[in-house]
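[1] Take a look and give me a structure for this.
(chains A and B)
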Amino acid sequence: MLRRTILKSVAAAAIVATTALTANAEITGPVSYIIPFGPGGESDISARLQQPFFKDKFGQELVVSYQPGGGGAVGWATLNGLNGDGQTIMGINLPHIIIQPAQKDVGYTTEGVNAFYMFHFTPDAIVVKADSPYQSLQDLIDDAKANPGAVTMSGSGKASANHLAQIKFDKMAGTTTTYVPFKGTGAAVTALLGGQVKAEWGYTTVGAKQGDAVRMLAVAMEERHPLFPDVPTFKELGFDMVGGAYRGIALPASASAETRQLWSDMIGEINADPEFRQKMLDGGFAMLDVDAAGMEAFMKARVEEYLADAREAGLLQ
Amino acid sequence: MDLGNFLSALTPLNIALALFGVVAGTVIGSIPGLTATMAVAVLVPITFSMDQASALILLGAIYTGAIYGGAYAAILLNTPGTPSAIATTFDGYPMAKRGDGDLAVALACFASVTGGMIGALALLFLAPPLSQVALAFGPIEYFWLAIFGLSLIASLSSGNLIKGLIGGAFGMILSTVGVAEVSADIRLTFGSQTMIGGFGVVGALIGLYCIPVLIDLVAVPDRHLKVENDMRSVRIGEAARIALRSKFNLIRSSVIGTLVGILPGAGGSVAGLVAYSEARRSAKPDQKFGEGEPDGIMATEAANNATVGGGFIPTLVLGIPGTPPDAVILGALLVQGVRTGPTLFQSNGSIVYTFIYGLIIATILMLPTGLLIGRYAYKSIVKIPKAVLVPSVGFMTIIGTFAIRNSISDVIIMLLLGTFGWVIGRFGFAASPIVLGLILGPIAEQGFVQGWIIGDATGNLLGMFFGRPLSQAIIAFTILSLLYPAFSAWKRSRTEAGR
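    Residues are numbered from 1 along each chain as shown, chains lettered A, B, ... in the order given. Below you'll find the predicted structure:
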């Protein structure tokens, strides 16, 4: 009897000890950082920028791998089946994880994604070629009003940030433009530079990458992007458009609250590094700091905004 | 491009890195499922701590090695190690079957080095002007290029045209499964979430090509490949003579590969197919393509290695990656603080030129290492008893498919597709038309949809599809390659009648 009690208490102690260990979450080896897209896009490049800082600050490798398919859906559908020990994280993108589950059963739900940090966004921007006749946003609006539908604009994908921005802007400006979806930003930019379309719905990152080859007519930010002091915001020009594609990171749902907090702190620390911020800004990104605590409120606001936009645009039933 | 950059590329460290990169790339590329993209992506973090030029040389060497390595599995196992080597199987495997596998591997090496050199030289001397090719290609040109590629089905399935076309159509239907790339519609998944990702090209390649070979290996008692009793140790001299005789084919295929490599929407697989198709069209009457014709291997291998240099042209000049491995390297460049784009050659000229010289050095190193590894690969595949060969290749196919995106359902789809491929193979349906449809279907579909939207918006649909000079040239080539088999048959019958 006594023996049994001792055994029981030993077992109980062991359980307490292991819980204590997990409570004190830490990263014990290389971390797998899954990007649910192919290489070369904004998701990949921002992850690659984080890589060396993670190694510097926390002493472990951040191993980036690609799991493309279904516009990211293949990756996100597998996320919650992965090990939640904190050694595996996955990039997430807005509006994708809001629009996709609202359109069809894609194997995951927006609420089911255990997001813990949104670390940047790429503000929407209208981009034209350097030799385009459109010198200002007004030139484009005038042309689109005079020739409804004839102004072609490339963008990345359908029901995407670019597409939603195009629909929203057309409505605000009272114009009719034609949106041409391409496979990723790279292909949309190629079409712009090749003169296949008259303008592109892209991001500030396009302006940073293409430099003098392109001109941005307006950016969807509260204030002008430090890299482009001469490019006006939509707000300045009288259009209430602020936003773009938001990117963050999620853990499998099974991760403990401590692990989630640890990760939120780590990514926050990288985001606070002045050198990292500078590199991101040089790439045309805009910084964002939504941590684990603020995630619920942030997501709720975005879900409302995007679903309303998508419904108005006729992208949802 | 002064001598200083060339000398700084020639440091012992850089040469060692190039050598390591080529060897590692060749081995990785030879395993079906492990692609150049994956090899480069895994090694990017290592390069963060290196100086910029050395990092780039290592990545470029791995990339070029992997594209060459894809030929081994294509020749010896009838399974393209990378999608770029699809057309290598057409003549490579028949050559290996009749006991010329060592010759085929050596030929692939000579062709790859030639293609790699021409691509790298184009990058060195002509990058800024050639980058305009990437921009001249609009959606409609991609559409017609895909149609041109599909016309290869007609010549691939001589005597079996209907079956070839059915296979091609089936492949195109397979390519539409899952989330559509440009319209975001979810198609043909029948409510199953595992189908949302669609049929991956690499997984389908492994299934359709490798599984039937494995089943046949088990089903028939013969040896895997025919072996001459006196295993001639080297056939490098013979290969060099054949390569020299086909220098025109090599150069033409390398130029095609360079140009197709520049197109961001195409890639190594399309380059190999187009070069193969052209080599076949201009073949002499006594050449039997598809039955072990050396020119077929050389055309594909020269073209796919030329895409390495070609692909770097838009990557470096425009900041638009030409191929997926280029996209990974572009990301590494950005982290290193190198800004690609129009001003790159001026602002970061020394790094760029050191890198290009490094790529050339890696390509030259591929000649001895490629011949050496190739001989070893051939000997081991020939000597290994079937009881070991089948399980180890089978294991590789599963690991390779799983590695693409860590998905077990991809493995199941691969196995089902492979078994299906073996069954329909019994009824005379070949794997290649299906794979062509799978690869070219999405290119054609996207180009068509985008071209239609633009043409419709500008009120000039007909001019959009048929009025652009570049499109007209591609259409003309398509008609030529479709009519050529009939034309040459007619000519042959006339000369025979005249005799």
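
[2] can I assume B:A283 is in contact with B:D295?
    Yes - counting by Cβ atoms under 8 Å, B:A283 does reach B:D295; the two are 6.8 Å apart. Where you see a C-beta, it was placed from the backbone N, CA and C, and this is true even at glycine.

[3] Quick check: neighbours shared by those two?
    Applying Cβ atoms under 8 Å, 6 or more residues apart in numbering or on different chains, one finds that B:A283 and B:D295 are jointly contacted by B:F289.

[4] These two: which has the busier surroundings?
    Remark: of B:A283 and B:D295, B:D295 carries more neighbours, 26 against 18, as counted by other Cβ atoms under 10 Å in any protein chain shown.

[5] show me the contacts for the more buried one.
    B:D91, B:S246, B:N249, B:A279, B:A283, B:Q287, B:F289.

[6] Next, the contact list for the third one, please.
    With contact set as Cβ under 8 Å, 6+ apart, B:N249 has these partners: B:A279, B:S282, B:D295, B:M298, B:A299, B:A302.

[7] who touches the second one in this structure?
    What that stands for is B:S282. Per Cβ under 8 Å, 6+ apart, neighbours of B:S282: B:N249, B:R252.

[8] Please read off the pLDDT at it from the model.
    B:S282 is assigned 83 on the pLDDT scale.

[9] For the residue of the stretch 1-150 of chain A found nearest chain B, give me its contacts.
    As assessed by Cβ to the nearest Cβ, chain B sits closest to A:G40 within the stretch 1-150 of chain A, at 2.7 Å. Residues in contact with A:G40 (Cβ under 8 Å, 6+ apart) are A:G184, A:G186, B:P321, B:P324, B:D326, B:A327, B:V328, B:L330, B:G331.

[10] try 6 Å
    Applying Cβ atoms under 6 Å, 6 or more residues apart in numbering or on different chains to A:G40 gives the contacts B:P321, B:A327, B:L330.

[11] List just the nearest of these to B:A9.
    Ranked by distance to B:A9 (Cβ to Cβ), the contacts of A:G40 are led by B:L330 at 20.3 Å.

[12] who touches the closest residue to the closest one other than its chain neighbours in this structure?
    Spatial nearest neighbour of B:L330, chain neighbours left out: B:P321 (5.1 Å); criterion: Cβ to Cβ, 6 or more residues apart in numbering or on different chains. Going by Cβ under 6 Å, 6+ apart, B:P321 touches A:G40, B:T315, B:A327, B:L330.

[13] Pull the number of nearby residues for B:S347.
    B:S347: 12 surrounding residues under other Cβ under 10 Å.

[14] in stretch B:171-190, what counts as buried?
    B:171-182, B:184, B:186, B:189 (16 or more other Cβ atoms under 10 Å in any protein chain shown).

[15] For B:L124, state which of those is nearest.
    Each of the buried residues of stretch B:171-190 was scored against B:L124 by Cβ to Cβ, and B:E181 proved nearest at 33.9 Å.

[16] Check for me that the closest one belongs to a strand.
    No - per DSSP: H, G, I helix; E, B strand; the rest coil, B:E181 lies outside any strand segment and is coil.

[17] Can you name the residues that contact it?
    B:E181 is in contact with A:K183, counting by Cβ under 6 Å, 6+ apart.

[18] I'd like the distance between B:F170 and chain A.
    To chain A, B:F170 is 21 Å away according to Cβ to the nearest Cβ, to the nearest Å.

[19] nearest residue to that residue other than its sequence neighbours?
    Per Cβ to Cβ, 6+ apart, closest to B:F170 is B:I434, 5.6 Å.

[20] try B:A106
    Nearest to B:A106 is B:A239, by Cβ to Cβ, 6+ apart, at 3.6 Å.

[21] So which elements touch the helix or strand hosting that neighbour?
    If you go by DSSP states H and E, B:A239 is part of helix B:236-245. Secondary-structure packing of helix B:236-245 (3 or more Cβ pairs under 6 Å, 6 or more residues apart in numbering or on different chains; DSSP states H and E): helix B:101-136.

[22] for chain B, what are the nearby residues on the stretch 101-250 of chain A?
    A:104, A:107, A:149-150, A:152, A:158-159, A:178, A:180-181, A:183, A:186, A:190, A:193-194, A:196, A:209, A:211, A:213 (Cβ under 6 Å from any Cβ of the partner chain).

[23] Count the neighbours of A:I98 for me.
    21.

[24] now do B:P485
    15.

[25] On the three-state scheme, it is what?
    Put simply, B:P485 is helix when judged by three-state DSSP.

[26] Could I get the average pLDDT for stretch A:245-265?
    96.

[27] just how off-centre is it within its chain?
    Taking Cα atoms, centre = their mean, to the nearest Å, one finds the center of stretch A:245-265 at 15 Å from the center of the full chain.
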